[in-house]
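Engineer: please work out how this folds:
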Amino acid sequence: QTFFSSIQENKDARARMSPSYQVYKDFFATELQLDQVMREWAFRGKDKWNFDLRFATCHWIADNLDHVQKFIPSSHPRVFVKTSTSIPPVAITALVFSVIAILATLFCLWSMVYLRRTIAMIAQLEFVLLLLAGLFLVAIG
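Structural biologist: Now for the predicted structure:
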């Protein structure tokens, strides 16, 4: 047997998830089948747009559909499921609270740095800024 594809194991997970990767990996043709495609191509003549090879391949696939269908994944054709695009109320509530937390953190940061109140001067400024930065990152997440 002559294998059509010499595709090695692809390390990319996205490529392995594609149904076409499995088809290319598993597809094979014997030398006789390849000879049929090449003869069809040679006897068609030369086309300046190189359509002859495409036609010969499509003609061979149409004639050998039972062989080709063995390599089509069982999950083909895929079924698309329509999902809801509405946002659940819990997500909206969480978004509102995170925006409030971000605004409160930014206000505290602004008041610590630019207003320089006496209570801010008594506290360790670096510690409070680190605390506010952590709260800001938690609110963003």
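Engineer: for the rest of this, base every contact and every neighbour count on C-alpha atoms.
Structural biologist: Noted.
Engineer: if you tally nearby residues, what's the number for the nearest residue to residue 68 once chain neighbours are set aside?
Structural biologist: Leaving aside its sequence neighbours, residue 68 sits nearest to residue 61 (C-alpha to C-alpha, 6 or more residues apart in numbering; 6.8 Å). Around residue 61 there are 15 other residues, counting by other C-alpha atoms under 10 Å.
Engineer: state which helix of this protein is the longest.
Structural biologist: Secondary structure of the chain per DSSP state H: the longest helix is helix 89-110.
Engineer: show me what that helix packs onto, helices and strands only.
Structural biologist: helix 125-140 (3 or more C-alpha pairs under 8 Å, 6 or more residues apart in numbering; DSSP states H and E).
Engineer: helix 89-110 and the helix it packs on, what's the angle between them?
Structural biologist: Here helix 125-140 runs at an angle of 160 degrees relative to helix 89-110 (axes from the mean of the first three to the mean of the last three C-alpha atoms, to 10 degrees).
Engineer: quick one: distance of helix 125-140 to the chain centre.
Structural biologist: Remark: helix 125-140 is offset 34 Å from the chain centroid, using C-alpha atoms, centre = their mean, to the nearest Å.
Engineer: same check, this time on stretch 79-92
Structural biologist: Taking C-alpha atoms, centre = their mean, one finds the center of stretch 79-92 at 20 Å from the center of the full chain.
Engineer: how many neighbours does residue 98 have?
Structural biologist: Neighbours of residue 98 (other C-alpha under 10 Å): 17.
Engineer: re earlier: now the helix or strand containing the residue nearest to residue 68: buried residues?
Structural biologist: Using DSSP states H and E, the element containing residue 61 is helix 51-63. Of the residues in helix 51-63, 52-53, 56-57, 60 count as buried by neighbour count, 16 or more other C-alpha atoms under 10 Å.
Engineer: just these now: which is nearest residue 133?
Structural biologist: Nearest to residue 133 among these: residue 57, at 62.5 Å, using C-alpha to C-alpha.
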